[in-house]
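[1] dropping a prediction and its sequence here:
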Amino acid sequence: MKIPNISFVLAIAVFLLAYCTNKQKAETAGINQPEQVRPSPISPPLVTHIYTADPSAHVFNNRIYIYPSHDVESGIPEDDLGSHFAMHDYHVLSMDSINAPVTDHGVALDLKDIPWATRQLWAPDAAYANNTYYLYFPAKDKNDVFRIGVATSSKPEGPFTAEREPIPGSYSIDPAVFRDDDGTFYMYFGGIWGGQLQRWNNNQYNPQAKNREPGQQAVLPRVAKLAANMKSFAEEVRELQLTDENGNLFTEKDNDKRFFEAPWMHKFNGKYYFSYSTGDTHRICYAVGNSPYGPFTYKGIVLEPVWGWTNHHSIVQFKGRWYLFYHDTQLSGKTHLRNIKVTELTHLPDGTIQTITPYQ
């Protein structure tokens, strides 16, 4: 019997492994299935004239305002650092009620009008205080390090005017600002891989730091109380303790539960609900605590994986009901060209959140 050429066998093995891996990713995203057998989305895109993602929803003046990323086709090859997410401005959207027509208020802030920023206007958030609306956003500075900036406006839809420098002591991505019942504001932030959070230890930056190994403690999200001026931190940035039911911190191999990016905070029945994306396992999960600083105990899944690689959300109460804003790639089928959606969210009698499956 003739023995096959070893190089040929290895080449076939590598090909099959790559094929199966990419096929699994495609099936997860739902992009390789014929239209007639694809599951149906439970919610339609809120807007279709532009690509939008990472929706941060708030109720201002009895109206829902949404602060999303504005996806664009950049022509940059896709990589694990998210280089293909090359967004350069923000649009603010609003609507009178869920399922009502959505208004696009146009460009609220442009990269060229942010003195310190060079590229990648990723997921923003907003807050209202001091008779002023504040837009918080991540961007890379002149050293290609992500920082978090702030811009202000007299109107929730903008336009916004950016501060000349980023928030002192800020870093990484995905700012989410939460107002507690006593009027205190907290910023939650962070994202690993392209979001650079793995490069920060004790608030010190190490550009050579690598992603955590499977057996190492997972990188923790960050939190800081905002100062009264809403443009600076009132304290040193802290790590947010995120644990399992036994009080143990997650390791990187717990990537179906550990924090990756997209923090969000809401309060329900006196408890603090910290929700977030697991990134490479594509879930929105949540954990519950008794303080805005935690610790937070993992409780379950808010949203199962959506079409596309990323998963980023917000949770807001409007007229007595709770809603989850999220995104997928229904319109484009491309990871970096997403569309935002909304669906109702249910807190069950025991305080847990009913898991949402985005397709049926």
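    Cool, the structure landed.
[2] what strand or helix carries the spatially most central residue of the chain?
    Closest to where the C-alpha atoms of the chain average out (Cα atoms, centre = their mean) is A262, at 2.8 Å. Here A262, judged by DSSP states H and E, is contained in strand 261-268.
[3] list the strands paired with that strand, with their directions.
    The pairing partners recorded for strand 261-268 under DSSP bridges are strand 271-277 (antiparallel).
[4] what comes up buried for the strand holding A262?
    For strand 261-268, the neighbour count (16 or more other Cβ atoms under 10 Å) marks 261-266 as buried. (C-beta placed from N, C-alpha, C; glycine too.)
[5] same check on stretch 187-197?
    Of the residues in stretch 187-197, those buried (16+ other Cβ under 10 Å) are 187-197.
[6] tell me which other helices or strands the helix or strand V223 falls within touches.
    Taking DSSP H and E as the criterion, V223 maps to strand 222-225. Helices and strands touching strand 222-225, by 3 or more Cβ pairs under 8 Å, 6 or more residues apart in numbering; DSSP states H and E, are strand 185-189, strand 238-239.
[7] show me what that strand is in contact with.
    Strand 222-225 has contacts (Cβ atoms under 8 Å, 6 or more residues apart in numbering) with 169, 172, 184-190, 197, 233-240, 292-294.
[8] and the strands in the stretch 201-350 of the chain?
    Per DSSP state E, counting those that start in this stretch, the stretch 201-350 of the chain carries strands over the ranges 204-205, 222-225, 238-239, 242-243, 261-268, 271-277, 284-289, 296-303, 314-318, 321-328, 339-345.
[9] can I get the ones you listed in a markdown table with mean pLDDT?
    Supplementary listing: the strands of the stretch 201-350 of the chain in a markdown table, determined by pLDDT from 0 to 100:
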| stretch | mean pLDDT |
| --- | --- |
| strand 204-205 | 98 |
| strand 222-225 | 98 |
| strand 238-239 | 98 |
| strand 242-243 | 98 |
| strand 261-268 | 98 |
| strand 271-277 | 99 |
| strand 284-289 | 98 |
| strand 296-303 | 98 |
| strand 314-318 | 98 |
| strand 321-328 | 98 |
| strand 339-345 | 98 |
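[10] got the ones you listed as CSV, with distance to G158 columns?
    Output for those, formatted as CSV (distance: least, Cβ to Cβ, whole Å):
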stretch, distance to G158
strand 204-205, 31
strand 222-225, 24
strand 238-239, 30
strand 242-243, 33
strand 261-268, 22
strand 271-277, 26
strand 284-289, 27
strand 296-303, 28
strand 314-318, 18
strand 321-328, 19
strand 339-345, 18
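[11] nearest to A53, of those strands?
    Among the strands of the stretch 201-350 of the chain, the nearest to A53 by Cβ to Cβ is strand 321-328 (4.5 Å).
[12] which parts of the closest one are buried?
    Those would be 323-328, for strand 321-328 by 16+ other Cβ under 10 Å.
[13] for stretch 38-47, same thing?
    41, 43, 45-47.
[14] same check on stretch 106-115?
    If you call a residue buried by 16+ other Cβ under 10 Å, then stretch 106-115 has these buried ones: 107-109, 111, 114.
[15] so for A162, which of the strands of the stretch 201-350 of the chain sits nearest?
    Closest among those, using Cβ to Cβ: strand 222-225, at 19.7 Å.
[16] any buried residues in stretch 133-150, and which?
    Buried, per 16+ other Cβ under 10 Å, within stretch 133-150: 133-141, 145-150.
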